[in-house]
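Make a model of this:
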Amino acid sequence: MAKVAYMKKTIALVIIFCLSWMFVAFRGNAIPIDQELNLKLGQEVVLPQSQIKLTFESVLTDSRCPIDVECYWAGNAEVKLKLQRKRKITTAVLNTMERDQVVKYRSYTIRLAKLSPDRHSGKVISPNDYEVTLKINKD
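Modelled structure (predicted):
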């Protein structure tokens, strides 16, 4: 009889340990809300209190005015984000220009605050050097 009680306790402890480990592993790359967040190209984070993964996938275009040149137009850059919840994948394209800086996904508003680095005339930016600054709010 003592062996059965011991086995039940052992199984219960193993289950609790596994569930705790899964929770910690899933929350490991969760991010704070209402703060700016920097993501490198290919970096993935999990939105808090959700199962939504957000990934900075690519820079589609970058025609921003180089900072060492005087331009009549500021130019624009487009970045592609991947939003995934379970198996459903959605892509969003955000622009550095004001009109298309925001996407709403489920109960979140995601705004492109900045694309780094700034462009310089005569210099090509390597894709791996790009970083987005996002502001994420829960509606």
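
Please count neighbours and contacts with C-alpha atoms only from this point.
Will do.

ok, longest strand in the chain?
Counting residues, the longest strand found in the chain (DSSP state E) is strand 52-62.

for that strand, packing partners?
Helices and strands touching strand 52-62, by 3 or more CA pairs under 8 Å, 6 or more residues apart in numbering; DSSP states H and E, are strand 44-46, strand 77-85.

Name the next helix or strand following the longest one along the chain.
The helix or strand immediately downstream of strand 77-85 is strand 88-95, counting by DSSP states H and E.

List the neighbouring strands of that next one plus their orientation.
When pairing is defined by DSSP bridges, strand 88-95 lines up against strand 77-85 (antiparallel).

outside of the partner strand, which residues touch it?
51-64, 89-97, 115 (CA atoms under 8 Å, 6 or more residues apart in numbering).

What is the distance between it and the centre of its chain?
Centroid separation for strand 77-85 versus its chain: 8 Å, with CA atoms, centre = their mean, to the nearest Å.

So which bits of that strand are buried?
For strand 77-85, a neighbour-count test (16 or more other CA atoms under 10 Å) marks A77, E78, V79, K80, L81, K82, L83, Q84 as buried.

now that we're looking at the spatially most central residue of the chain, how far away is K114 from it?
In the chain, the C-alpha nearest the mean C-alpha coordinate belongs to L54, at 3.6 Å (CA atoms, centre = their mean). Going from L54 to K114 by CA to CA, to the nearest Å gives 17 Å.

I'm done for today, thanks for sticking with me.
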